[in-house]
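Asker: Below are the sequence and a predicted model for it; my questions follow.
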Amino acid sequence: MHGGLVSAYYNENDKGAVEWLHNLMRRNLIPSGEIDERSIVDVQPADVRGYRHVHLFAGIGGWAYAASLARWPRETELWTASCPCQPFSSAGHKRGRNDPRHLWPHVARLVAANRPAYLVGEQTSSALGYAWFDEVAADLEASRYACRAVDIPALSVGAPHRRQRLWWVAVPQDGEHAVANPPSSGGDVTFGKAQERASPARPAPPNQTPANLWAGGDFVECADGQRRLAKPGIRWMADGLPAGMVRVRSGSTHTPEATRYVDRAGLWRGFGNAVVPQLAAEILSALLEDGSRYKGV
């Protein structure tokens, strides 16, 4: 149970990601809160009731960090739910709704019972991902939510990679959080702003858009003949990861430079399942700009 209305709730059942979340909290990089290590299948509506910020499939805290970048108010309710993409990824078995990792129905169950003021998420950008959102939109509209999705790549905020994703938001259309002029499938109120804000050609508004971490990088020639942008200050290495990027296993006699013994699988799994916080922050910032459209915000 939570300890206050401004507490954060994280649901994540990957042990490596859970440890990662604890480390981020200790460093004050994401808000402190309760981490529920159960599968979302076992989470009941009462378990998340009363929390202001609820991060389902929390991963390594990308949405929580994005909320900080966007200066999302602690008292303003926000739910995030980036469901597993494997059932809908072109790199997977493409089983879609027949995959046991299709967990959206459990998000819909919790949302219908608690009706959060803002709900956001992202999914893989593919034909199956679009079909997934059809189900999401149908469920949310049945629960009297207005929802909208848009396809934006990470490179739109200056990242050196495409990472194309389908980003979506939903807000209630009735009751306590009624929408004055809700965006619909034919409108583009919020995401029009998000797309404009995420344009690399548009200068970042002061104190709103997070700084471009990749600015000033150099393009390097890669073994496959492609030129790719490298983060400023990156160190070349003959083996392993740069010193200080990760810790050597506890009790290891190796020096901090000898990071080749670190289990990289957990790193890549964490990064691979994560959102790009700088782009997620653009989505949240666009919602805040439209905040006057919603009651009680």
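Answerer: Good, I have the coordinates.
Asker: For the chain, which segments count as strands?
Answerer: With strands called from DSSP state E, the chain shows them at 8-11, 33-36, 53-56, 78-81, 119-124, 145-152, 165-172, 218-221, 227-230.
Asker: what are the pairing partners of the first one, and which direction each?
Answerer: Right, strand 8-11. Applying DSSP bridges, strand 8-11 is found paired with strand 33-36 (parallel), strand 53-56 (parallel).
Asker: most neighbours per residue, which of those strands?
Answerer: Neighbour counts (mean count of other CB atoms under 10 Å) averaged over each of the strands paired with strand 8-11 peak at strand 53-56, with a mean of 27. C-beta coordinates here come from the backbone N, C-alpha and C atoms, glycine included.
Asker: Run through who's touching that strand.
Answerer: Residues outside strand 53-56 that contact it (CB atoms under 8 Å, 6 or more residues apart in numbering): 6-11, 31, 33, 40, 43, 48, 61, 63-64, 67, 72, 74, 77-81, 107, 110, 116.
Asker: first vs last residue of stretch 14-34, how far apart are they?
Answerer: From its first residue to its last, stretch 14-34 covers 15 Å (CA to CA, to the nearest Å).
Asker: ditto for stretch 155-171
Answerer: End to end - CA to CA - stretch 155-171 spans 27 Å.
Asker: what comes up buried for that stretch?
Answerer: By neighbour count on 16 or more other CB atoms under 10 Å, the buried set for stretch 155-171 is 155-159, 163, 165-171.
Asker: Same question for stretch 40-51.
Answerer: Buried, per 16+ other CB under 10 Å, within stretch 40-51: Ile40, Val43, Asp47, Val48, Tyr51.
Asker: so where is the protein shaky, pLDDT-wise?
Answerer: For the chain, the stretches with pLDDT under 70 are 1-6, 85-101, 174-217, 229-264, 291-297.
Asker: Give me the nearest residue to Ala64, chain neighbours excluded.
Answerer: Distances taken as CB to CB, 6 or more residues apart in numbering put Ile30 closest to Ala64, at 4.1 Å, once the chain neighbours are dropped.
Asker: Who are the contact partners of the one you found?
Answerer: Per CB under 8 Å, 6+ apart, neighbours of Ile30: Ala8, Leu21, Leu24, Gly61, Ala64, Tyr65, Ser68.
Asker: For the first one, list the residues it contacts.
Answerer: The neighbourhood of Ala8, defined by CB under 8 Å, 6+ apart, consists of Ile30, Pro31, Ser32, Gly33, Glu34, Tyr51, Arg52, His53, Val54, His55, Ala64.
Asker: Give me the distance between Val111 and Trp104.
Answerer: 10 Å (CB to CB, to the nearest Å).
Asker: which one of these two has more residues nearby?
Answerer: Val111 (23 against 20; other CB atoms under 10 Å).
Asker: Which positions within stretch 19-36 qualify as buried?
Answerer: The neighbour-count check on stretch 19-36 (16+ other CB under 10 Å) flags Trp20, Leu21, Leu24, Met25, Ile30, Pro31, Gly33, Ile35, Asp36 as buried.
Asker: what's the distance between the residue lying closest to Gly61 once chain neighbours are set aside and His22?
Answerer: Leaving aside its chain neighbours, Gly61 sits nearest to Ile30 (4.3 Å; criterion: CB to CB, 6+ apart). For Ile30, the distance to His22 (CB to CB) stands at 10 Å.
Asker: With Tyr51 instead?
Answerer: 18 Å.
Asker: repeat for His53
Answerer: Separation of His53 from His22 (CB to CB): 17 Å.
Asker: In contact with the residue nearest to Ala70 when sequence neighbours are not counted, which residues?
Answerer: Excluding its sequence neighbours, the residue lying closest to Ala70 (CB to CB, 6+ apart) is Leu284, at 3.8 Å. Leu284 is in contact with Ala66, Ala67, Ala70, Trp72, Leu78, Val120, counting by CB under 8 Å, 6+ apart.
Asker: Can you add neighbour count and give those residues back as a markdown table?
Answerer: Listed next are the contacts of Leu284 as a markdown table, based on neighbours: other CB atoms under 10 Å:
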| residue | neighbour count |
| --- | --- |
| Ala66 | 25 |
| Ala67 | 26 |
| Ala70 | 23 |
| Trp72 | 22 |
| Leu78 | 24 |
| Val120 | 23 |
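Asker: Just name the closest of those to Pro277, please.
Answerer: Distance to Pro277, by CB to CB, is smallest for Ala66 among the contacts of Leu284, at 4.2 Å.
Asker: check contacts around the closest one.
Answerer: Contacts of Ala66 (CB under 8 Å, 6+ apart): Val275, Pro277, Gln278, Ala280, Ala281, Ile283, Leu284.
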